[in-house]
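# Show me how the following folds:
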Amino acid sequence: MTQSDQQKNPAAGNESGTTTNKRGISKKTLTIISTAALVALVAAGTGGYAYHHHQQFQQAQADCATSRENAVKAQTAWEKLLKADATTSALAVTDKQVADATLPATLKTSAETKVDATIAECEADSADAYKAITERNEKAIASYEKAAKTLSKTIEQVEASKAEKTLNDAKGAFDKKLTEAKKLLTDSDGKVADNATRDALSKTIDETGKTDVDDAKKLTDATNKLAQAMKKVNDSITAKTQADEQAAAEAAAAAQSAGSGYTGTGGGYSQSYNGYSGSGYTGYQQTGGSTGYSQSSGGSTGSTFDWKNYKDSMGMSARPLYGNSITHDTEGNSWDEYGNMWDKDGNKIK
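Reported below is the predicted structural model:
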């Protein structure tokens, strides 16, 4: 059979009766090839799936580890915030130190919040199990971050409110002190020992009047400067007042001393003692006041009685009486009409 005949009748050239295709490949061969290819494809698919599954497992495991690490960081950050100086300082602020009196209580509540979170260990045997653990850790992260954010925000609010209150108080104190300083400057005119203190106060008033009203510290410093200048003026007022009072007291004492002399004629009394007959003694007369007396002795028709050398029958000498004395005893003591006792030297005994 020629090649031409085989092309016209392919089956005629296949003595076994096997059918071939145009390329001369039998169906049996094609079946074997197809089966082998299918087996290879299935094997490849199975291997690919296993590889993909393994990759998912590893990724889930890694994600879980990361979530746990981040959860621990969030927990640590929360605990650190609770112990921070800013938190401690803010918690010490009272409702009287802030513009909004409700903030300190709100801050305390935030700081005492118990975070509802549990950090799980990454131990699982499947990707899905790892994913479940990751979700729990991510919830813990969210809880800690939310609590920290709330606390931080409240701390900022407390600090801002305190600053606002501090500024308002500083403004109020400054305005009040400035008003007082201006009034003192006016009222102290002519009332100070040293007028330089008033000049200094006036200068301080002008300088502090230019203070930045939005700076609490500068306002407080200005208030203190005014207070210091005012103190010097007040001290000067006190010094002048004391000096004036002392001068007045000295003048009064001098006037009293100049007008306290006694002439011996006012407020006194007159008493006469008559002598005896024969000598012509008519006695003596004294006129006395509270601080002194004047006395005179009368004369006689024949001779003058020397009363200073006179002795009576008891050996007592004649003498003037002191004060309002009207009688005396043998010891030289005398009594006045008011019952007061005087010694012989004119000193009051009782």
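
# could you give the mean pLDDT of the lengthiest helix in the chain?
Longest helix of the chain, by residue count under DSSP state H: helix 127-187. What helix 127-187 shows for mean pLDDT is 96.

# How about stretch 241-251?
pLDDT averaged over stretch 241-251 gives 93.

# Check what contacts that stretch and list those residues.
Lys191, Ala193 (C-beta atoms under 8 Å, 6 or more residues apart in numbering). C-beta coordinates here come from the backbone N, C-alpha and C atoms, glycine included.

# Repeat that for stretch 184-204.
181, 205, 225-226, 229-230, 232-237, 239-241, 243.

# again, only this time at 7 Å
For stretch 184-204, contacts defined as C-beta atoms under 7 Å, 6 or more residues apart in numbering pick out 181, 205, 225-226, 229-230, 232-233, 236-237, 239-240, 243.

# can you check stretch 124-138 too?
Against stretch 124-138 from outside (C-beta under 7 Å, 6+ apart): 56-57, 60-61, 63-64, 67-68, 71, 118-120, 122.

# Output those residues in TSV; the columns should cover pLDDT, distance to Ser161 and neighbour count.
Shown next, in TSV, are these (pLDDT from 0 to 100; distance: C-beta to C-beta, whole Å; neighbours: other C-beta atoms under 10 Å):
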residue	pLDDT	distance to Ser161	neighbour count
Gln56	89	52	15
Phe57	89	53	17
Ala60	93	47	21
Gln61	93	48	20
Asp63	94	43	19
Cys64	96	43	26
Ser67	95	37	24
Arg68	96	39	21
Ala71	96	33	24
Thr118	91	35	11
Ile119	94	35	18
Ala120	93	40	18
Cys122	93	44	19
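
# Out of those residues, which is nearest to Ala148?
Ala148 lies nearest to Ala71 out of those, by C-beta to C-beta, at 13.0 Å.

# Please identify the helix or strand for the closest one.
helix 27-83 (DSSP states H and E).

# after that helix, next one along is what?
helix 85-91.

# what's the angle between the helix or strand just after that next one and helix 127-187?
Downstream of helix 85-91, the first helix or strand assigned by DSSP H and E is helix 103-111. Helix 103-111 and helix 127-187 are oriented at 160 degrees to each other (axes from the mean of the first three to the mean of the last three C-alpha atoms, to 10 degrees).

# elements contacting helix 103-111?
helix 85-91, helix 127-187 (3 or more C-beta pairs under 7 Å, 6 or more residues apart in numbering; DSSP states H and E).

# Return the most buried member of those helices.
For the helices and strands packed on helix 103-111, the largest average neighbour count (mean count of other C-beta atoms under 10 Å) is found in helix 127-187, namely a mean of 17.

# Now do the buried residues in the next helix or strand after it.
The C-terminal neighbour of helix 127-187 among helices and strands, as given by DSSP H and E, is helix 196-208. By neighbour count with 16 or more other C-beta atoms under 10 Å, helix 196-208 contains the buried residues Thr197, Arg198, Leu201, Thr204, Ile205, Thr208.

# Report the separation between the second one and Asp244.
Just to be clear, that refers to Arg198. Arg198 sits 17 Å away from Asp244, going by C-beta to C-beta, to the nearest Å.
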